[in-house]
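J.: give me a model of this one.
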Amino acid sequence: MNQKNGENIKKTRSEVDFDTRLKESFEKGPLNLLVRCFIDKSIITVHVRRERDCFAKCTGVICAFDKHMNLILNNVKEVYDEIEVTYKKQKLIDPINHPGRNRKRAVKVHVQKTRMFVQLFIKGSSIILINRNN
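T.: Residues are numbered from 1 along each chain as shown. Predicted coordinates:
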């Protein structure tokens, strides 16, 4: 029951059902892991989708979260792959005994990089996997 201006206001049945369902989803389901990590202040690793083929791993402590799995992490270390394009010379030989000519060939290389954040917000729709570190 809520009190408004000294009056008792009963919740409707749908409000009560929603409250109990929300509470149960935090106690049981997949959000239970986030609740336990939040209470224990344990370190978690979050695998995040960045670009088309790039992924990142963010490791930190949960500061806050919601039912959409939006996370706020503290003391975050992000490890991600960045695609760097390097150019190599390639020699072509013409079949009619012409001298070879050089052209540049683009080669894509995945380079692993790291960066640190004091606090980071991660949108729930970009999260792939959440692991608890022991």
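J.: in the sheet, who's paired with the residue most central in space within the chain?
T.: Taking Cα atoms, centre = their mean, the centroid of the chain lies closest to V48, which sits 3.0 Å from it. Judged by DSSP bridges, the bridge partners of V48 are A56, I127.
J.: isn't it right next to K57, touching?
T.: Yes - counting by Cβ atoms under 8 Å, V48 touches K57, with 7.4 Å between them. Where C-beta positions appear, they are placed from N, C-alpha and C, glycine not excepted.
J.: all helices for the protein, in order.
T.: Secondary structure of the chain, counting by DSSP state H: helices at 13-27, 31-40.
J.: would you single out the least confident of these?
T.: Averaged per stretch, pLDDT over the helices of the chain is lowest on helix 13-27, reaching a mean of 67.
J.: per-residue pLDDT of V46, please?
T.: Value for V46, per-residue pLDDT: 94.
J.: what's the neighbour count on it?
T.: Using other Cβ atoms under 10 Å, V46 has 23 neighbouring residues.
J.: ok, it touching R132?
T.: No - if you go by Cβ under 8 Å, V46 and R132 don't touch, sitting 10.6 Å apart.
J.: by mean pLDDT, which helix or strand of this structure comes out lowest?
T.: strand 2-4 (a mean of 54; mean pLDDT, DSSP states H and E).
J.: keeping just the C-alphas, turn stretch 27-37 into PDB.
T.: What follows is stretch 27-37, C-alpha atoms only, in PDB (Å, rounded to 0.1, in the frame of the first residue of the first chain):
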ATOM      1  CA  GLU A  27      16.300 -13.400  -7.600                       C
ATOM      2  CA  LYS A  28      16.200 -16.200 -10.100                       C
ATOM      3  CA  GLY A  29      17.000 -15.800 -13.800                       C
ATOM      4  CA  PRO A  30      20.100 -14.400 -15.500                       C
ATOM      5  CA  LEU A  31      20.000 -11.100 -13.600                       C
ATOM      6  CA  ASN A  32      20.900 -13.100 -10.400                       C
ATOM      7  CA  LEU A  33      24.500 -13.300 -11.500                       C
ATOM      8  CA  LEU A  34      24.600  -9.500 -11.700                       C
ATOM      9  CA  VAL A  35      23.000  -9.100  -8.300                       C
ATOM     10  CA  ARG A  36      25.500 -11.500  -6.700                       C
ATOM     11  CA  CYS A  37      28.500  -9.800  -8.400                       C
END
